[in-house]
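S.K.: Have a look; sequence and predicted model below, questions after that.
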Amino acid sequence: MSRAKGAIGEDRAIRYLNKNGFRVIERNFYSRFGEIDVVAFKEGVLHFIEVKSGIGEPIYQITPRKLSRITKTVEIYLQKRKIKFDWCIDALIVTDEVELVENVTM
């Protein structure tokens, strides 16, 4: 997917999160392991959100290897920011609809 299409999907994701009570803290945090698309806060929990968009079932683009890289990036984020909140990794699927899949695990 092109970077422009990815940005459109992320913009729709941000609008969805804002409408649903999330406070977006940061977008596109990079580490040597990869990227976290969105970091948001809601009800005392920090959400690290992987945004996937496209045709079909974009959730299947989040493989165990990808999830491992996201987890390593989360750990770096928490260390750099000196944050000690509860946290989880979510997937936000952007197709014709927008769907949040909370607490994605291996």
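M.R.: Structure's in. What do you need?
S.K.: if I look at Glu57, how far off is Thr95?
M.R.: 9 Å (CB to CB, to the nearest Å). Glycine gets a C-beta too; all of them are placed from N, C-alpha and C.
S.K.: Out of those two, name the residue with the larger neighbour count.
M.R.: Each of Glu57 and Thr95 has its neighbours counted (other CB atoms under 10 Å); Thr95 has more, 16 against 10.
S.K.: okay, now Val98: neighbour count?
M.R.: With other CB under 10 Å as criterion, Val98 counts 18.
S.K.: helices and strands around the least confident helix or strand in the chain by mean pLDDT, which ones?
M.R.: In the chain, no helix or strand scores lower on mean pLDDT, DSSP states H and E than helix 3-19, which sits at a mean of 84. Judged by 3 or more CB pairs under 8 Å, 6 or more residues apart in numbering; DSSP states H and E, helix 3-19 is in contact with strand 23-31, strand 34-42, strand 45-53, strand 86-94, strand 98-101.
S.K.: Next, the angle from that helix to strand 86-94.
M.R.: Here the directions of helix 3-19 and strand 86-94 differ by 120 degrees (axes from the mean of the first three to the mean of the last three CA atoms, to 10 degrees).
S.K.: Could you list the buried residues of helix 3-19?
M.R.: Buried positions in helix 3-19, judged by neighbour count with 16 or more other CB atoms under 10 Å: 6, 9-10, 12-14, 16-17.
S.K.: same check, this time on stretch 38-53
M.R.: Going by neighbour count (16+ other CB under 10 Å), the buried part of stretch 38-53 is 38-41, 46-53.
S.K.: Next: stretch 59-71.
M.R.: Neighbour counts over stretch 59-71 (16+ other CB under 10 Å) mark 62, 67, 69-70 as buried.
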